[in-house]
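Peer 1: Coordinates for the following, if possible.
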Amino acid sequence: MQLAESTRLPWVRLVLAVSLDGRLAPPEGGAAQLGGEGDRRALEQAMVWADACLMGAGTLRAHQCTCLIRDPQLRQKRVVEGRPPQPAAVVVSRQADFPQQWRFFQQPLRRWLLSPSAPSSGFDRWVPLASTWSERLQALASIGVQRLMLLGGAGLVADMLRADVVDELQLTLVPSLLGGEHSWVPADKRLLPAALAQKGAWILSGTELLGGEELLVRYSRKRN
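Peer 2: The predicted model follows:
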């Protein structure tokens with residue numbers, strides 16, 4: 001996917017598994033583990049594509065680790081292309097330091113932090129947290145990130161949708177109805193730019209049956 005010539009910002013792909021009613025977790029909250037094996041393959045293939053994976057501090061606290069490409073052939077594909085076996089993990093946080101005993105800090109990948117202050121340890125690179133998402137993405141572009149995979153959580157996704165910087169949606173639809181409030185978009189649609197709801201704002205770019213009655217759909221943001 002090519003970058004917009006005018007801004008050269010990274011192309012941002014949101015990758016999520018959601019229920020048929022658009023929920024990320026059951027009403028009581030907690031990790032839903034919605035996707036099956038097909039969704040896991042699609043996730044790892046997206047990670048092969050990505051230069052870096054972006055996650056919020058809340059997601060890191062909840063899991064204390066991040067996703068890795070498990071398939072050795074997919075890791076080798078990145079190596080053959082001259083890239084590290086795993087995309088960099090980029091954490092967005094107002095807090096700079098996290099417990100070093102978390103599994104995240106032993107995982108075999110590069111750890112970068114977007115934060116107002118520099119971390120004391122644990123991260124390979126610090127990127128100062130600018131005031132806007134356009135500036136933050138430009139900072140990531142300046143260190144070589146052209147393809148950015150957005151993993152969540154919901155607060156970070158909502159923040160980037162509000163800023164209208166998400167270029168692509170990769171959603172695995174899981175055959176379940178969960179109900180509750182744990183959606184991947186803000187409950188109040190007024191918090192989102194009106195342009196996102198307009199007809200033609202999103203263009204279907206692909207579908208794929210993943211097995212287990214799961215369906216992957218991809219939509220790209222149409223920009224003038």
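Peer 1: what's around the closest residue in space to Pro175 that isn't next to it in sequence, how many residues?
Peer 2: Nearest residue to Pro175 in three dimensions, chain neighbours excluded: Glu213, at 4.3 Å (CB to CB, 6 or more residues apart in numbering). Every residue, glycine included, has its C-beta placed from N, CA and C. Residues within reach of Glu213, counting by other CB atoms under 10 Å, total 12.
Peer 1: what do you get for Arg147?
Peer 2: 18.
Peer 1: Now that it has come up, it's in contact with Val15, right?
Peer 2: No. Counting by CB atoms under 8 Å, Arg147 stays clear of Val15, with 11.7 Å between them.
Peer 1: ok, now how distant is Pro186 from Arg61?
Peer 2: Pro186 is 21 Å from Arg61, where distance means CB to CB, to the nearest Å.
Peer 1: actually Thr132, not the one I typed
Peer 2: 25 Å.
Peer 1: These two - which one has more neighbours?
Peer 2: For Thr132 and Arg61, the more surrounded residue by other CB under 10 Å is Arg61, and the numbers stand at 15 against 10.
Peer 1: Run through the residues that contact the more buried one.
Peer 2: The neighbourhood of Arg61, defined by CB atoms under 8 Å, 6 or more residues apart in numbering, consists of Phe98.
Peer 1: Go through whichever strand or helix holds it and flag the buried ones.
Peer 2: Using DSSP states H and E, Arg61 sits within helix 57-63. Judged by neighbour count (16 or more other CB atoms under 10 Å), helix 57-63 contains these buried residues: 57, 59-60.
Peer 1: just stretch 167-185 next, same as before
Peer 2: 167-174, 178, 182-184.
Peer 1: so how far is Met160 from the residue nearest the centre of the chain?
Peer 2: The centroid of the chain falls nearest to Leu150 when counting by CA atoms, centre = their mean (1.4 Å). Distance of Leu150 to Met160, given as CB to CB: 6 Å.
Peer 1: Confirm Arg75 sits in a strand?
Peer 2: No. Assessed with DSSP: H, G, I helix; E, B strand; the rest coil, Arg75 is helix; it does not lie in a strand.
Peer 1: is it true that it touches Gln86?
Peer 2: Yes. The pair Arg75 / Gln86 is scored as a contact, 7.2 Å apart, by CB under 8 Å.
Peer 1: what is in contact with the two at once?
Peer 2: Joint contacts of Arg75 and Gln86 (CB under 8 Å, 6+ apart) are Ile69.
Peer 1: thinking again about what came up before, leaving out the residues flanking it, which one is nearest to the residue nearest to the centre of the chain?
Peer 2: Closest residue in space to Leu150, ignoring its immediate chain neighbours: Leu14 at 4.5 Å, by CB to CB, 6+ apart.
Peer 1: what pLDDT, on average, does the helix or strand harbouring that neighbour get?
Peer 2: Counting by DSSP H and E, the element that carries Leu14 is strand 11-19. For strand 11-19, mean pLDDT rounds to 94.
Peer 1: Cool, thanks, signing off.
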